[in-house]
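Novice: sharing a model that was predicted from the sequence below.
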Amino acid sequence: MTDKETIEKINITLRKTDDFFASVDVVPESYKQMAHSNNGHDEFYYRNLWLHDKNHKIKSKQNMFSFNADEIEQYKIPSYVVGCSGRADMFAKYAQEIGLSDIFIIPCVKIENKGHQLSGHQIVAVKMSNGLQLLNPAGGVKNFNRAKIDFECKIGNKIDATQHGTNDYIISAILTPNEHAQIDSYEKLKKIYNRVFIKRIFNNASIKIKNLFNIQNQFGGHEQD
């Protein structure tokens, strides 16, 4: 498949993903009446209401990560419930259905949290002639040029995952859709995030020790002179 053909399929997939969520992202009036804030966090409040609504008990111990792509589609679960993780799942599902086989889901963790209260963003990658092309299947993107993220898809890389102009996320893993489907809780996702921070801490410590060793060697060399 040529890159041009791949991009055409990506465009179809982005539109299909966006159209699906646009059709189901209707917030019930009862949820709006119960919302208690106007500070931009209502979607999280709506999510909690949806997950605890007696009409939406699809599975036990459900959370935003517990739904796979088939369930999201079958039960028409809104993106304010499943978030970017669900959008990535749906992109992968539709991409595979249209014939794109080399699809990956990329969990990214925000740098500023430093391993305490971790937050992240899930994006996708599609194999093209020059390697894995990162894409952000966010709402309203609809086409390849607006969705693409021009950073190398490599674990540990700092990237602009949310396309806000700052490289404040670290690629934590490169997962197949099946592997990503196994991450059905925040606790499992946090383990992936933490692996990146532990590795960064170890690398930073190694660099400090190496620099200290070099300084000591230089100092010792001057003493011999």
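Specialist: On my side now, so go ahead. Numbering: from 1, shown residues only.
Novice: only C-alpha atoms from now on, for both contacts and neighbour counts.
Specialist: Fine.
Novice: just the pLDDT for residue 209.
Specialist: As predicted, residue 209 sits at a pLDDT of 52.
Novice: begin at 35, not 1, for the rest of this chat.
Specialist: Happy to do that; since the first residue is 35 now, the last one works out to residue 243.
Novice: residue 50: neighbour count?
Specialist: When counting by other C-alpha atoms under 10 Å, one arrives at 17 neighbours for residue 50.
Novice: that one and residue 82, how far apart?
Specialist: Residue 50 sits 26 Å away from residue 82, going by C-alpha to C-alpha, to the nearest Å.
Novice: likewise for residue 205?
Specialist: Using C-alpha to C-alpha, residue 205 is found at 27 Å from residue 82.
Novice: ok, those two, which is more surrounded?
Specialist: It is residue 205, of residue 205 and residue 82, that has more neighbours when counted by other C-alpha under 10 Å, with 25 against 16.
Novice: tell me the bridge partners for that one.
Specialist: When assigned by DSSP bridges, residue 205 has beta-bridge partners residue 142.
Novice: where does the prediction get shaky in the protein?
Specialist: 70-74, 147-152, 231-259 (pLDDT under 70).
Novice: and the residue nearest the centre of this structure?
Specialist: The centroid of the chain falls nearest to residue 156 when counting by C-alpha atoms, centre = their mean (0.8 Å).
Novice: quick one, what contacts that one?
Specialist: By C-alpha atoms under 8 Å, 6 or more residues apart in numbering, the contact list for residue 156 reads 118, 119, 122, 139, 140, 141, 142.
Novice: now for these, which pair is the farthest apart?
Specialist: With C-alpha to C-alpha as the measure, no two of these lie farther apart than 122 and 142, at 12.1 Å.
Novice: which neighbours do the two share?
Specialist: With C-alpha under 8 Å, 6+ apart, residue 122 and residue 142 have common neighbours 156, 157.
Novice: hey, where'd the helices end up in this structure?
Specialist: For the chain, the helices defined by DSSP state H occupy 37-58, 63-68, 76-86, 103-109, 113-131, 178-181, 211-215, 220-258.
Novice: right, I'll leave it there.
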